[in-house]
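**Student:** everything below, folded, please.
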Amino acid sequence: MATDSGLRIYRDATAIITGGASGIGRALAEELAARGGEVVLADLQLELAEEAAAAVRSAGGRATAARLDVTDHEEFARLVRETVTRTGRLDFLFNNAGISHGMGAGARHYRIEDWRRVLDVNLGGTVNGVQAAYNLMIDQGFGHIVNTASMAGLVPSPGTTSYVTTKHAVVGLSHNLRAEAAQLGVRVSVLCPGVVRTPFIEGGRYGRRVDGVTSEVTREMWEQRKPIPPEEFARKALDEVARNKGVIVVPGFWKLFWWLFRLAPEFSLRLGTKNFRDLGGGAAAGHEAARTGPETSPREP
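**Tutor:** Numbers count the residues shown, from 1 in each chain. Sure thing, here's the model as predicted:
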């Protein structure tokens, strides 16, 4: 299906997906390809991205892999230019790459470099994607930028302060850009997943955790929140993207927490305080012992 503007949904569309090697990014790529689109899986982990692209091709889809550091604007802009030169268009950009730091540990255990890394990837990477693709989409007369935030961009999530900071910023960026872009023929949406079963919920390869907050602790924390398979998330999210929804919350029951925070913010904050206290409040963790997370792939919950 194509819109009046020329945007293809999704047959014969071209889409770039950052963080496309695994988790939500890979699931989005597989679902887009199954719906007839051509996907570029962009990721720091080129070998893993190539494996994912090969799997898409084996299933009958069209996919290529590209190495991308989303914190490098020139590299991002080059990938967009090369994609458009090769395919003649860019229908979708999924700004999906992201990392976390010290899940469950609390802000008192951060180092300044931890803040900078999360800001550079989660917010800076999204800004770089917008900067690389937005004007091009305006010039071609169509396009859809889809930014991955999180429920942590809509409600408080104590124990994930740096992550929450970036995801609130991504939501705000998406709201504002959507308002500006509508009159220019470009769509903007923001994905706000609940909890999705990906390597990210244990830190991811490029995330960081601290001693006392092990992968087992974080896994248990997220399991209590009923994670869904990334394939289910991708199917439901792409249906909403096709409808040009501005804020996309999947699974739908997470909207209750968003509505509760909007209606009763003080009550929601008290709940957040209790949850953080029940988790241990990061009391066992020490920032001096911060270490690189497990050798798994970085992706968004």
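**Student:** pretty sure Asn125 contacts Phe94?
**Tutor:** Heads up, residue 125 is Gly, not Asn. No. Gly125 lies out of contact with Phe94 (CB atoms under 8 Å); the separation is 11.7 Å. Where you see a C-beta, it was placed from the backbone N, CA and C, and this is true even at glycine.
**Student:** for this structure, which segments count as strands?
**Tutor:** With strands called from DSSP state E, the chain shows them at 14-18, 38-43, 62-67, 92-95, 144-148, 187-193, 208-209, 247-250, 291-292.
**Student:** contacting residues around the nearest residue to Pro156 once chain neighbours are set aside?
**Tutor:** Leaving aside its sequence neighbours, Pro156 sits nearest to Gly272 (CB to CB, 6 or more residues apart in numbering; 4.5 Å). Shown in contact with Gly272 (CB atoms under 8 Å, 6 or more residues apart in numbering): Val155, Pro156, Ser157, Pro158.
**Student:** what sits against the closest residue to the first one other than its chain neighbours?
**Tutor:** What it means is Val155. Spatial nearest neighbour of Val155, chain neighbours left out: Phe261 (4.4 Å); criterion: CB to CB, 6+ apart. Under the criterion of CB under 8 Å, 6+ apart, the neighbours of Phe261 are Leu154, Val155, Pro156, Ser268.
**Student:** what is the nearest of the contacts of Gly272 to Ala107?
**Tutor:** Each of the contacts of Gly272 was scored against Ala107 by CB to CB, and Pro158 proved nearest at 9.0 Å.
**Student:** pLDDT score for the closest one?
**Tutor:** As predicted, Pro158 sits at a pLDDT of 80.
**Student:** tally up the residues packed near Asn135, please.
**Tutor:** Counted with other CB atoms under 10 Å, the neighbours of Asn135 add up to 12.
**Student:** ok, what's across the strand from the closest residue to Glu240 other than its chain neighbours?
**Tutor:** In this structure, Glu240 finds its nearest non-sequential neighbour in Ile248, 4.3 Å apart by CB to CB, 6+ apart. Applying DSSP bridges to Ile248 gives these bridge partners: Leu191.
**Student:** joint contacts of Gly125 and Phe94?
**Tutor:** Residues touching both Gly125 and Phe94 (CB under 8 Å, 6+ apart) are Thr18.
**Student:** hmm, back to that, so which of the strands of the chain comes closest to Ile112?
**Tutor:** Here strand 208-209 is closest among these (CB to CB), at 13.2 Å.
**Student:** need the mean per-residue confidence for the closest one.
**Tutor:** Mean pLDDT, strand 208-209: 52.
**Student:** now swap in stretch 226-245 and tell me
**Tutor:** Computed over stretch 226-245, the average pLDDT equals 95.
**Student:** what's stretch 26-34 in contact with?
**Tutor:** Under the contact criterion CB under 8 Å, 6+ apart, stretch 26-34 has outside partners 10, 13, 15, 17, 20, 39, 41, 52-53, 55-56, 59, 61-63, 92, 94, 96, 229-231, 233-235, 237-238, 299.
**Student:** circling back: the residue nearest to Glu240: what's it in contact with?
**Tutor:** Neighbour list for Ile248: Ser189, Val190, Leu191, Cys192, Ala237, Glu240, Val241 [criterion: CB under 8 Å, 6+ apart].
**Student:** does the second one touch Met151 like I think?
**Tutor:** So that's Val190. No. Taking CB under 8 Å as the definition, Val190 is not a contact partner of Met151, at 11.3 Å.
**Student:** quick one: which of those two has more around it?
**Tutor:** Val190 (28 against 23).
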